[in-house]
Each structure stands twice: as C-alpha cells, then as structure tokens.
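Asker: Next comes the sequence, and after it the predicted model I'd like to discuss.
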Amino acid sequence: MNGIVEFLVSGFILIGAVFALVGSIGLVRLSDFYLRLHGPTKASTLGVGGAILGSLLFFSWQERALQLQEVLIVLFLFITAPVSAHMLAKAAMHRNLKRREDTRGGPWKQ
Amino acid sequence: MLEIALPIAFGLFVLALLLNLYRLLRGPTLPDRALALDTMYINTIGLIVLYGISSDSKLYFEAAMLIALIGFVSTVAVAKYMLRGDIIE
Amino acid sequence: MSRLLPFPLLSLFLWATWMLLNGFSWGHALLGLVLAVVLPLGTQSFWPNVPRLRNFPKLVRFVLVVHWDILTANVAVAILIIGPPRRLRPGFVELPLDLSDEFAITLLASTISLTPGTVSADVSEDRRTLLIHALDVDDEGAMIEQIKQRYERPLKEIFEC
C-alpha cells in the first residue's frame, strides 16, 4: 500500500477515535444532563466521520475507484444526531432534570 | 503503519464504549441512560467501520448502516416515550 | 414536469442514494430513476409545505460554512470537555426567530445542534423563539447575534421566507 495513503488513513482513523473518546469522556465527566448532551452529539459524530473518511480513502485506494457509499452513514448521522439530541433535551426538560446551579436561565414553564 | 494505527484506534473506541457503559449503568436518570445508549450505537458504527478496514471487506458497510438506522429510531422512540408516556399516539 | 416531479431535489437525492447503495450499473440507474419518481409522488401528501429553494449558490456556501464550523466546533468543544468543568458557564439562551417557515426552522435548529457548544432544546408553541442550551456562554447577546448572522440570515435568503 502506498505510504502517503496509509499515513492519511491512519491519521483519519486516529483523529476519529480520539474525538469519539473525548465525546464519551464528556458523557462521564460533566455534571448535569444538559452538559453531557454536548459531548456525544458533536464529538462522536465527528469521531465516526473520521473513521469513515479513513475507510473511504482505504477502499478507494484498494479498488482504484472512488467508493462513496460510506458517505451515506455520515450524512445520515448528521441529519439524525441533532434530532435525537433535541428529543432527549425535550424529554429532560419535561422531567425537570436538575441543572448545575450556575446555569443561566432555564427551560420554559409548561 | 496501519498495523499500528488500527489497534490503537480500536482501543480508543472500546474505551469510549466502556465509558458509555458506565454512564448507562450509573444513570442516574432515564434520559442519561438513553443518551448513553445513543452514544454507544454511534461508537459501535465507528468500531464496525474500523473492523471493515482491518478485514479489508466492504460487507460491514451494511451492518453499520443498519445500526445507524435502528439506533436513531430507537433513541427517538425512547425520548418520545419519556415525553408522552406513549410512542404512537 | 412539476406534476411528475413534485420535489426535484428530493428525487435527485433519492437517485444518488440508490446509486451509492448499489454501486453503478445501468439496471440500477434505471431502477433508481423509477424509485426517484415514484417515491416522492407516493409520499407527496405526507410532506409539510416545503419552501421553494431560491438561491442554490447560497445553499452551497451555507453547507460549506456549516461543515467548517462543525470541524472547528468539535475542537473547541473537545477542549472545553477536557478542561476543568468549573470553567464552563452553561446557560439556556432564547433566540428570537425571524424565520417563519417550519422547514427552515428545523434546518436552523439542526445547524445549531451541530455547531459550537450549542444544542437546540425547544421551539415555542408560536414558532417565534428557539430555546438553546449552551455549554459555555460568555455574552448572550453576542452569541445570538452570531447565530443570526451566520446561519439564520443565509437560510432566510436561501428560502426567501
């Protein structure tokens, strides 16, 4: 396998994996639900994005032709991640989950 | 180089999954667990994609796609249930 | 034309998806074409009023800006997560909406969720305000202004609503 391609593939999957891990660290470490929501919705999406970019490059190189089908997964995640985050946030507000004391403002009264 | 990078990336994703598992078991609230599950399926997709690279097979693409589809629908269903106490009104 | 293809962009998207899923062959190109025509026709009545796309170059620009922001946002959020949690200044921010179309509001809310430290949490009943949870608010007014400038204005121009 070509050195540069191998280097790029390795780089992409490592960056992706690091972001996925950071998102999950946020999930464990932050102190209230609303804060935790931020880690996974962004970092994990980019984490998978990195892994898929690597895989795209890998297979395109292996088969000497552009292989784009995995872009579908990223596209799907980018469309759905905000929706699930939104639904979960709504559910959390509905259940009046505790917020960190120094949170400014608050959910609407319903 | 890929022989070194792949195991490291696998390790990082697995570590991420373990952290998600911790949040899933620990809770403390239902939305937290739902969020942990949501993150787990996203990380699983990453793991499957990596496995596809390491076994040099494109078959796993479909598995990753299916998990993405099912994961999203189930997260929304669970969130909806928490909101309304019902999934289909 | 508009009878046969009520949503040309959706049709194009469906066809592209079909081709990506199955790989290129003439048979699949034809089958994809049939699906791209039949599916929008069959689901026509389920779709809410989707506003007409007015400004295609602006849409491309908008997509590029958002992707760039997603990249930088991820690095910013990653640093915030790794850093000391006490330094975060979380808050709920209310964003008054200028957009009136539901589809455009959905796009704006999704964009906000994907970009720097913000998750859109709720839309008011009258569709006038968006509730956003932010990871780190420095200046509420500046944040609202930035979202309006960067995402809402382009969306308004793209859909003219």
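Answerer: Arrived safely, thanks for sending. Residues are numbered from 1 along each chain as shown, chains lettered A, B, ... in the order given.

Asker: Tell me the pLDDT of the residue positioned nearest the centre of chain C.
Answerer: The centre of chain C sits closest to residue C:107, judged by C-alpha atoms, centre = their mean, with a distance of 3.0 Å. Note on residue C:107: pLDDT of 86.

Asker: Excluding sequence neighbours, find me the nearest residue to it.
Answerer: residue C:155 (6.0 Å; C-beta to C-beta, 6 or more residues apart in numbering or on different chains). The way it works is simple: take the backbone N, C-alpha and C, and place the C-beta from them, glycine included.

Asker: other SSEs contacting the host helix or strand of that neighbour?
Answerer: Using DSSP states H and E, residue C:155 maps to helix C:153-159. Packing partners of helix C:153-159 (3 or more C-beta pairs under 8 Å, 6 or more residues apart in numbering or on different chains; DSSP states H and E): helix C:56-82, helix C:102-114.

Asker: mind listing what the residue nearest to residue C:107 touches?
Answerer: Listed by C-beta atoms under 8 Å, 6 or more residues apart in numbering or on different chains, the contact set of residue C:155 reads C:62, C:99, C:104, C:107-108.

Asker: Stretch C:128-135 near chain B at all?
Answerer: No: Stretch C:128-135 stays clear of chain B (C-beta under 8 Å from any C-beta of the partner chain), getting no nearer than 12.9 Å.

Asker: thought residue A:12 was touching residue A:50?
Answerer: Yes: contact criterion C-beta atoms under 8 Å: residue A:12 and residue A:50 qualify, at 5.1 Å.

Asker: picking that back up, give me the pLDDT for the residue nearest to residue C:107.
Answerer: So residue C:155 comes in at 83 (pLDDT).

Asker: picking up where we left off before, residue A:12 and residue A:50 - which one has more neighbours?
Answerer: More crowded of residue A:12 and residue A:50, by other C-beta atoms under 10 Å in any protein chain shown: residue A:50, with 25 against 22.

Asker: The more buried one is in contact with residue A:10, isn't it?
Answerer: No: checked against C-beta under 8 Å, the pair residue A:50 and residue A:10 is beyond contact range at 11.1 Å.

Asker: what's the neighbour count on the residue nearest to residue A:3 when sequence neighbours are not counted?
Answerer: Excluding its sequence neighbours, the residue lying closest to residue A:3 (C-beta to C-beta, 6+ apart) is residue B:1, at 7.8 Å. For residue B:1, the neighbour count with other C-beta under 10 Å is 12.

Asker: Give the full set of residues in contact with residue B:1.
Answerer: Listed by C-beta under 8 Å, 6+ apart, the contact set of residue B:1 reads A:3, A:6-7, A:10.

Asker: In CSV: these, plus neighbour count.
Answerer: Converted to CSV, those look like this (neighbours: other C-beta atoms under 10 Å in any protein chain shown):
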residue, neighbour count
A:3, 8
A:6, 17
A:7, 13
A:10, 20
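
Asker: Lowest pLDDT pick from those residues?
Answerer: In terms of pLDDT, the weakest of the contacts of residue B:1 is residue A:3, which scores 83.

Asker: Now for chain A: which helix has the highest residue count?
Answerer: helix A:3-29 (DSSP state H).

Asker: between it and helix C:56-82, how big is the angle?
Answerer: Relative orientation of helix A:3-29 with respect to helix C:56-82: 60 degrees, computed using axes from the mean of the first three to the mean of the last three C-alpha atoms, to 10 degrees.

Asker: Report all helices and strands that helix A:3-29 contacts.
Answerer: So helix A:3-29, by 3+ C-beta pairs under 8 Å, 6+ apart, packs with helix A:33-39, helix A:45-63, helix B:2-26, helix B:30-54, helix C:56-82.

Asker: Can I get these in TSV including mean pLDDT and distance to residue C:133?
Answerer: TSV is the format used below for the helices and strands packed on helix A:3-29 (pLDDT from 0 to 100; distance: least, C-beta to C-beta, whole Å):
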stretch	mean pLDDT	distance to residue C:133
helix A:33-39	84	5
helix A:45-63	87	17
helix B:2-26	90	18
helix B:30-54	90	13
helix C:56-82	85	13
